[in-house]
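S.K.: pasted the sequence and its predicted model underneath.
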Amino acid sequence: MSSSTNASFSIGSIISDFKEITKIRLSLSVVFSSLAGYLLGADTVSFYTLILLAFGGYFMVGASNAFNQIIERDLDALMERTKNRPIPAGRMSVNTAFIIASVFTAFGIIILYIINPQTAMFGAISIFIYTSAYTPLKTKTPLSVFVGAIPGAIPFMLGWVAATDDFGIEPGILFMLQFFWQFPHFWAIGWFLHKDYQKAGFNMLPTGKQDKGTAVQTILYTVWTIIVSIIPVFGFTGKLHLSIVGAIIVFLIGLMMLYYAFQLFKKMTETAARQLMLASVIYITLVQIVYVLDKFIR
């Protein structure tokens, strides 16, 4: 009985650590963005391509997260939020994590290449920038958020490229939308985790402090996000269209996030930052859903 229980616990722990090293929740949210982009770009939906994109996207993001945790293992051990991750907690060796990251990278690139070479190229660019630029810059400069926003903005446009094998104004707009959105999203996280981040020497806030300057920039980038989100309604974004009704809904969703950005400016608290972070996650999810529904309903 005891042996069976231990075996079950061991298997459960391995699965849990595997999910943690690849950040499965984050990976699935990225896959969602990619699939939304594909549905926007596809003239005819191919479920085969959707499946390839889902697995390819998951492998690429999982690889990035695993490499990130290998590089930051000593810093993760200093923070409350990350000290129990598999590597700093000693439950997974660096070699094991490296094998997982390498296998995920290979699988991801191969699967995305099956869709088309451009999709694989952007996937590879994403993992390279995330691990080779964003990760080391986090302890050097707040500009790391700008660098990190580049791979973070690729998934939405990656889906369009997977559907069309073409990069033009349409995936460019999808990229810009998710690019600008990441600043209020990550600055909100950087705000309520500021003390924990300081333990590891991470510089995530634009001014380096939880101050009015950071709050104002959060508001400005939220406004830019809202502006970019409604550009497709004006009819000069190629095949990427948004109806007037769709644009109004997207705009109203944006005002919801803007409200919480102003609340952060007004209250300057970690609670307000958490609320903005949650609002930003709801925002990007709803906007992508509205974009897709708007295409298929009108």
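M.R.: Now that the structure is in, tell me what you want to look at.

S.K.: how about the helix or strand containing Pro184: buried residues?
M.R.: Pro184 is part of helix 169-192, with elements assigned from DSSP states H and E. When burial is assessed from 16 or more other CB atoms under 10 Å, helix 169-192 yields the following buried residues: 170-171, 173-192. Where C-beta positions appear, they are placed from N, C-alpha and C, glycine not excepted.

S.K.: report the longest helix in this protein, please.
M.R.: In terms of residue count, the longest helix belonging to the chain (DSSP state H) is helix 270-297.

S.K.: tell me which helix or strand the residue lying closest to Pro171 once chain neighbours are set aside sits in.
M.R.: When the adjacent residues along the chain are set aside, Pro171 lies closest to Met157, with 3.7 Å between them (CB to CB, 6 or more residues apart in numbering). Secondary structure from DSSP H and E places Met157 in helix 144-164.

S.K.: could you check the angle helix 270-297 makes with that helix?
M.R.: Calculated by axes from the mean of the first three to the mean of the last three CA atoms, to 10 degrees, helix 144-164 forms an angle of 20 degrees with helix 270-297.

S.K.: how far off centre is helix 144-164?
M.R.: Distance, stretch centre to chain centre, for helix 144-164: 9 Å (CA atoms, centre = their mean, to the nearest Å).

S.K.: hmm, back to that, where's the residue nearest to Pro171 relative to Ser280, distance?
M.R.: Here the distance between Met157 and Ser280 works out to 19 Å (CB to CB, to the nearest Å).

S.K.: hmm, Ile289 is touching Leu39, no?
M.R.: No - using CB atoms under 8 Å, Ile289 is not in contact with Leu39; the gap is 10.1 Å.

S.K.: what about those two, which has more around it?
M.R.: It is Leu39, of Ile289 and Leu39, that has more neighbours when counted by other CB atoms under 10 Å, with 19 against 14.

S.K.: now the more buried one: closest residue in space that isn't a chain neighbour?
M.R.: In space, and not counting its chain neighbours, Leu39 is closest to Val292: 4.9 Å by CB to CB, 6+ apart.
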